[in-house]
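*Asks:* Sequence first, then the predicted structure, then my questions.
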Amino acid sequence: MSGTPWSVILDPDRLNDLRSLNILDTTPEQSYDDLAELARIICDTAVANITLVAADRQWFKSRLGSEVDETPVELSVCAYALAEPEALVINDMTRDVRTRDNALVTGNKSLRFYAGVPLRLDASYGVGTLCVLDTKPHAKGLTKTQVAGLQALGRQATILFNIRKFMARQHPDVQGGANEYEMLFEAAHNLMSAHEIAKGIRDEILEKLLSKGLMHVGRRIADEQKGQSIYLN
């Protein structure tokens with residue numbers, strides 16, 4: 001692959017953001033899979049991923065339409081999207097100098113189309129992407145509406161990352177499991193407190209972000225309660 005963007009991949013602030021999530025090699029989660037599924041539907045593609053780009057590999061938190069859970073970072077098309085201000089769209093990867101020699105394009109998988117939006121936390125570059133791929137070129141790329149839909153879903157993925165970052169900071173040694181129920185309630189409590197502060201200082205953007213976070217945590221708590229009631233029965 002031509003010109004792997006190592007300066008972006010190995011950016012210390014970006015890698016610190018990634019480590020703060022404590023997310024690599026965790027189990028699949030419906031909330032991420034739902035976003036990927038919506039992206040695949042909106043963009044009419046065969047594959048959709050939520051990708052985390054580490055220093056040596058790209059790993060898929062969600063992978064729909066593919067059985068591959070990670071690839072070497074040298075094969076990462078998403079690495080090029082990490083520095084994009086909005087979205088990266090490659091209509092035909094056999095015709096783009098960055099991807100035409102990529103083994104994922106020349107090999108058995110024969111990927112042809114790529115579109116991805118960066119998922120940023122605090123650093124200038126994204127920790128990963130929400131991306132869609134196809135085995136056929138998309139001569140017209142994506143419409144403005146499709147790009148806007150992909151970006152909106154990317155913002156929702158970033159909200160999930162920020163919630164996870166908060167939870168990982170509070171419980172650095174836990175990746176789900178027996179304490180997750182208590183962690184969700186603690187996250188909800190802190191989000192509600194922050195939401196009240198945002199209302200008080202009249203920060204509408206922050207208030208909306210925290211409100212969406214609360215909705216997601218509420219759904220997770222409801223799912224946990226449902227699971228526990230099934231178990232008890």
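*Replies:* Now that the structure is in, tell me what you want to look at.

*Asks:* quick one: average confidence on the host helix or strand of V89?
*Replies:* Under the criterion of DSSP states H and E, V89 resides in strand 88-90. For strand 88-90, mean pLDDT is 98.

*Asks:* Over to stretch 158-176?
*Replies:* pLDDT averaged over stretch 158-176 gives 73.

*Asks:* And the strands in this protein, which stretches?
*Replies:* 47-53, 57-64, 70-72, 88-90, 113-119, 128-134 (DSSP state E).

*Asks:* List the strands paired with the fourth one, with their directions.
*Replies:* Strand 88-90 has these partner strands in its sheet, going by DSSP bridges: strand 113-119 (antiparallel).

*Asks:* can you give me the angle the partner strand makes with strand 128-134?
*Replies:* 170 degrees (axes from the mean of the first three to the mean of the last three CA atoms, to 10 degrees).

*Asks:* Tell me how many other residues surround the closest residue to T94 other than its chain neighbours.
*Replies:* Nearest non-adjacent residue to T94, counting by CB to CB, 6 or more residues apart in numbering: R100, 5.3 Å away. For every residue, glycine as well, the C-beta is placed using N, CA and C. Using other CB atoms under 10 Å, R100 is surrounded by 15 other residues.

*Asks:* Likewise for I41?
*Replies:* Considering only other CB under 10 Å, I41 is surrounded by 12 other residues.

*Asks:* need the contact list for the spatially most central residue of the chain.
*Replies:* When CA atoms, centre = their mean is applied to the chain, the residue found nearest the centroid is I50 (4.1 Å). Applying CB atoms under 8 Å, 6 or more residues apart in numbering to I50 gives the contacts Y32, L35, A36, F60, K61, S62, L119, G128, T129, L130, A157.

*Asks:* now could you export just the CA positions of stretch 50-67 as PDB?
*Replies:* Extracted in PDB, the C-alpha atoms of stretch 50-67 (Å, rounded to 0.1, in the frame of the first residue of the first chain):
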ATOM      1  CA  ILE A  50     -16.400   0.200  13.400                       C
ATOM      2  CA  THR A  51     -12.600   0.100  13.300                       C
ATOM      3  CA  LEU A  52      -9.900   1.000  15.900                       C
ATOM      4  CA  VAL A  53      -6.500   1.600  14.500                       C
ATOM      5  CA  ALA A  54      -3.600   0.600  16.800                       C
ATOM      6  CA  ALA A  55       0.100   1.000  16.100                       C
ATOM      7  CA  ASP A  56       0.400  -2.500  14.700                       C
ATOM      8  CA  ARG A  57      -3.100  -3.500  13.600                       C
ATOM      9  CA  GLN A  58      -6.600  -2.400  12.900                       C
ATOM     10  CA  TRP A  59      -9.200  -4.100  14.900                       C
ATOM     11  CA  PHE A  60     -13.000  -4.200  14.300                       C
ATOM     12  CA  LYS A  61     -15.200  -3.500  17.300                       C
ATOM     13  CA  SER A  62     -18.100  -4.200  14.900                       C
ATOM     14  CA  ARG A  63     -17.800  -6.100  11.600                       C
ATOM     15  CA  LEU A  64     -20.900  -6.700   9.500                       C
ATOM     16  CA  GLY A  65     -20.600  -8.600   6.300                       C
ATOM     17  CA  SER A  66     -17.100  -9.800   7.000                       C
ATOM     18  CA  GLU A  67     -15.600 -12.600   9.100                       C
END
